[in-house]
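Participant: Quick one, what's the 3D model for this:
(chains A, B and C)
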Amino acid sequence: MPELPEVETIARKLRPALVGKRILSVSLRWKRTLAEPSPAAFKKRLIGQRIQEVSRRAKFLRLQLSRDTLLVHLRMSGDLTVVRGSYRTAKHDRLILGLTGEMRLVFNDARKFGRVWLTDDPDAILAALGPEPLAEDFTPRDLYARLHQRRRLLKPLLLDQTFLAGLGNIYTDEALHLARLHPLLPSDAVTPDQAAVLWQAIREVLMEGIRRNGASIDWVYRGGDFQNHFRVYGRTGEPCPVCGTPIERMVVGQRGTHFCPKCQLPLPIEPL
DNA sequence: CACGAGACCTGTTCGC
DNA sequence: TGCGAACAGGTCTCGT
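Facilitator: Prediction:
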């Protein structure tokens, strides 16, 4: 799915197109896309509300409406776009909102994992999320403290949205490589210096992803080009950009994991 | 608490 | 060419 940079890119693109528009109609084409409330209540409450703000929290898109909040999670294959004028329903369209100004907000999701919530209490749904890695109050010391609160492998821990919000499989592999830390390193073995390096690496890869408008891979193209700048993700067998050693792939926590066996030492790098 | 397996889904690519 | 297996940006639940 879209990870933090892709969701941020979508939020930035949707914001100017959506803010101020009023919702006129609702077409729910796959019932399970709607997490809550019931389809009938969803339609009844949604129609007539005005979109006041579009933002992102973790990998959630958040549309602040007149009275409620519409939360959208794209999961693996979801995409949210605005179209103007006449529109022919496309394959995999799951939800279409008709808006003022001949506009439509279309949620397309091939794998049907994506979910939409209409709620007057979005914080209840977002409550368990960990800190935003790009927030100003998220510090290297915070990261170090959190790493030592648990005893888990680095890769699965970084993917855990209650630990840190927004990283997915791509950016986790990229950040670990940039930080030269092994995916299987126990979280409580990370030193303060390594935590600071990891903190910087996480923010760097996320910021680069945003700057490049996210990554576009497979059949979901959104205009981003970060996929052309991956250091390790999906580059099994290709040379490590740092040392030239072939990138290896293994499975960690049931996720394909790409790393450099030479740069990313499994144990803390001792200074001579 | 940590971890692995299975589920939820469809589509593309890989290997024989 | 064909066909099944493996794999895919995520998260949830259950069993150990």
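Participant: All the helices of the stretch 51-200 of chain A, residue numbers only.
Facilitator: Remark: helices assigned in the stretch 51-200 of chain A by DSSP state H, counting those that start in this stretch are A:122-126, A:140-149, A:154-159, A:169-179, A:192-211.
Participant: among those helices, which is nearest DNA strand B?
Facilitator: Closest approach to DNA strand B among these (C-beta to the nearest atom of the strand): helix A:154-159, 5.4 Å. C-beta here means a position set from N, CA and C on the backbone, and glycine is covered the same way.
Participant: Now tell me what touches the closest one from outside.
Facilitator: Contacts with helix A:154-159, where a contact means C-beta atoms under 8 Å, 6 or more residues apart in numbering, come from A:147, A:150, A:163-164, A:167-169, A:172-173, A:175-176, A:181-187, A:190, A:202, A:252-253, A:255, A:257.
Participant: Low-confidence ranges, the stretch 151-272 of chain A, go.
Facilitator: Filtered on pLDDT under 70, the stretch 151-272 of chain A yields the residue ranges A:218-222, A:267-272.
Participant: Not counting sequence-adjacent ones, nearest residue to the closest residue to DNA strand B within it?
Facilitator: Closest to DNA strand B within the stretch 151-272 of chain A is A:Arg152: 3.4 Å, counting by C-beta to the nearest atom of the strand. Leaving out its chain neighbours, the residue that sits closest to A:Arg152 by C-beta to C-beta, 6 or more residues apart in numbering is A:Ser187, at 5.1 Å.
Participant: who touches that neighbour in this structure?
Facilitator: Residues counted as contacts of A:Ser187 (C-beta under 8 Å, 6+ apart) are A:147-148, A:150-154, A:157.
Participant: I'd like the distance between the residue nearest to A:Lys59 when sequence neighbours are not counted and DNA strand C.
Facilitator: Closest residue to A:Lys59 apart from its sequence neighbours, by C-beta to C-beta, 6+ apart: A:Val7 at 5.1 Å. Distance, A:Val7 to DNA strand C, by C-beta to the nearest atom of the strand, to the nearest Å: 9 Å.
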